[in-house]
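Trainee: Need coordinates for the following:
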Amino acid sequence: MTNCITRFFSRSSKTAAGLLLIAGTSVAQNFTQMNAGLTPFAHGYSSMADYDADGDLDLVLTGIQSNSLGKATLFQNTNGVYTATGTLLEGLQKGTASWADYDRDGDLDLLLAGLADDYSRKTILYFNDNGLIKPTTVRFPGFANGQAGWFDYDRDGYPDLLISGDTLSLNHFTGLYHNQGDGTFQSVPTSLPNLVSSAMAFADIDNDGDIDLALSGDSGGGDITRLYKNVDGTFVEVNADLEGVSAGSMAFGDIENDGDMDLFVQGVNFINGTSVFWIYRNDGNDEWTKLAVGMPGLYLGGLALADFDLDGWIDFIATGKGTGCGINATVMYRNNGNGGFWQVGYDFPALANSSVSAADYDNDGDADVVLTGINGNGVPSSYLFRNDNGTNQFAQSLVPMQPENLSSEVDGTSITFKWNRPQAMRMTLNPLTYNLRVGTTPGGNEVFSSNTLNNGTPLLPGMGNVQLDTVWTINQLRDGTYYWTVQAVSPGFAASEPAPEEIVDLYTAIGNTPGNEYKLIFNRSDRSILLTSKTDNQPMTIQISNLAGQRLYSSNTLTGNRLVVPSLPPGLYVISCSLPNETVVQKILL
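Mentor: Take a look at the predicted model:
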């Protein structure tokens, strides 16, 4: 068996485009197996998040234990030591665990799905009540052998939910659920394929400022792997030649630091009975090139991306069951920065029916590894490996600087937020992603949650919530004042401090504003009103009223002249500017 594994892992492979990516073995990267107190799990999922907002990452594990019964445990991280909490979670296997701030109250909520011991399928949403995880009454179709993911598909600021898997004895299903913003969800019709043994991943693949989608799984008519563009909330399939797989894993990451998202796919193609591992390079204009890294294909496992060696390039770790000799494997490959990957010389335990998570559990600046699965003795197991690279004085520091030149634009009920990548970076390429926060209060997350503490410490490991984009629009906003900031996130998940918070006012017109001829500008800093037009110095009368229609102020002036608003109590008011042939009416917030 040892010789078989060696031959399988050291081969070279050509890509579909004829490129050669040689998978040799790099110098050993140091990991230390920790006595973390984790109970054994397999046939499940692992997911890390700072649910109690104390500055370190906690952990939820699901699956079966040695008695083959379903179990889910929330472990609290206290100074790098994990302790099982008394939180009552539904025991589920062959499912998923996913964190998101679905109610936008600034803390992370938990979704669990999978197979119960009575063989029923369940999907349960738990809300976070100041660190106490409690079940909600929200109901979704129960499923197993699949995945769930949160993403704001319609850009209204609320995380929506996509689920896909087996709802009852090979009943193929994929469903999108719109977050209504009041604690409820509404099913949204889509043309997405119904799948079992499915996987999903989310990214803005065309850099147009919204989140797109990749799906793989068994469609009932064969295994598929597909990409879908988000076009104003509708998913349109990309004509890309991707090999169909099921029982796999998917992830997006920028392998070349060229500013677009590439796709990692592993799984099994049941038509020919072989497992595969591919990277699809995003060449723009819906062109994707298949790359191989010379490693075995894996399925019934997991995949995680991170800059493990802190050199600024995305690496990966994969685990699962392979074909060929029927081996199990857990392998890590480092990005050599030249379009290829080299296997890391560290002997992780070979696992199947496995999961993997990458995150900085000990806050030392590098991504550590959590593994669960069936080990070489055929029993469930759980492992925590500390990455010792962060303590290496020669490792490159990739804590980014703050984004720069923040600005915003208001258009009707939408606000577009813009920023520039920090200039003071060591690297000439662009490995950074970005984390946007928008609230109705200073430091708040009420509109778009950054999943961070106020000081910018991430509550979730991974890319920033708007990924590589430096422009992001949020729609369907109400009149009011909005507070926002953004931070940069490195490929190793190190985050900058948030940029200084900006303020933007949104107030929609309620009367006649003909075309772009007139523009009423209210400057909240000096409480001044300016009405501009193509021809200034037109006589007009300005009136200010409350929402009940009571006139509070009136003055005659000329267009193009700035008028300071009198002192009024805070609140929403209506400004009416009467010209000889037009009246411009608009709300302002004081």
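Trainee: Only C-alpha atoms from now on, for both contacts and neighbour counts.
Mentor: Will do.
Trainee: Can you tell me who the closest residue in space to Ser66 that isn't next to it in sequence pairs with across the strands?
Mentor: Nearest-residue entry for Ser66: Pro380, 6.2 Å, with adjacent residues in sequence omitted and distances by CA to CA, 6 or more residues apart in numbering. With DSSP bridges as the criterion, Pro380 is bridged to Ile374.
Trainee: ok, Pro380 - how many residues close by?
Mentor: Neighbourhood size, Pro380 [other CA atoms under 10 Å]: 25.
Trainee: Do you know the pLDDT at it?
Mentor: pLDDT, Pro380: 97.
Trainee: Quick check: it touching Ser355?
Mentor: No - when contacts are counted by CA atoms under 8 Å, Pro380 is not listed as touching Ser355 (11.4 Å).
Trainee: Start and end of stretch 181-194, how far apart?
Mentor: Terminal residues of stretch 181-194 are spaced 26 Å apart (CA to CA, to the nearest Å).
Trainee: now stretch 179-192
Mentor: End-to-end for stretch 179-192, by CA to CA: 18 Å.
Trainee: same question, stretch 140-158
Mentor: Terminal residues of stretch 140-158 are spaced 17 Å apart (CA to CA).
Trainee: again, but for stretch 180-190
Mentor: End-to-end distance for stretch 180-190, by CA to CA: 17 Å.
Trainee: chain center to it, what's the gap?
Mentor: Distance of stretch 180-190 from the chain centroid (CA atoms, centre = their mean, to the nearest Å) equals 19 Å.
Trainee: who touches it?
Mentor: Residues outside stretch 180-190 that contact it (CA atoms under 8 Å, 6 or more residues apart in numbering) are 103, 138, 158, 175-179, 234-235.
Trainee: Quickly name whichever of these is closest to Asn537.
Mentor: Tyr158 (44.9 Å; CA to CA).
Trainee: Neighbours of that closest one, how many?
Mentor: For Tyr158, using other CA under 10 Å, the count is 25.
Trainee: Need the three-state assignment for Asp105.
Mentor: coil (DSSP: H, G, I helix; E, B strand; the rest coil).
Trainee: was I right about it contacting Asn445?
Mentor: Yes - contact status for Asp105 versus Asn445: in contact at 6.6 Å, counting by CA under 8 Å.
Trainee: what about the stretch 1-150 of the chain, any weak spots by pLDDT?
Mentor: Applying pLDDT under 70 to the stretch 1-150 of the chain flags residues 1-29.
Trainee: one step back: between Pro380 and Ser355, which contacts overlap?
Mentor: 42, 372-373.
Trainee: quick one on the thing from earlier: neighbour count for Asp105 and Asn445, which is higher?
Mentor: Using other CA under 10 Å as the criterion, Asp105 and Asn445 rank with Asn445 on top: 26 against 17.
Trainee: how near is that one to Trp484?
Mentor: Distance from Asn445 to Trp484, by CA to CA: 9 Å.
Trainee: In terms of secondary structure, what does the host helix or strand of Phe277 contact?
Mentor: For Phe277, the element it lies in under DSSP states H and E is strand 274-282. Using 3 or more CA pairs under 8 Å, 6 or more residues apart in numbering; DSSP states H and E, the elements in contact with strand 274-282 are strand 262-269, strand 288-291.
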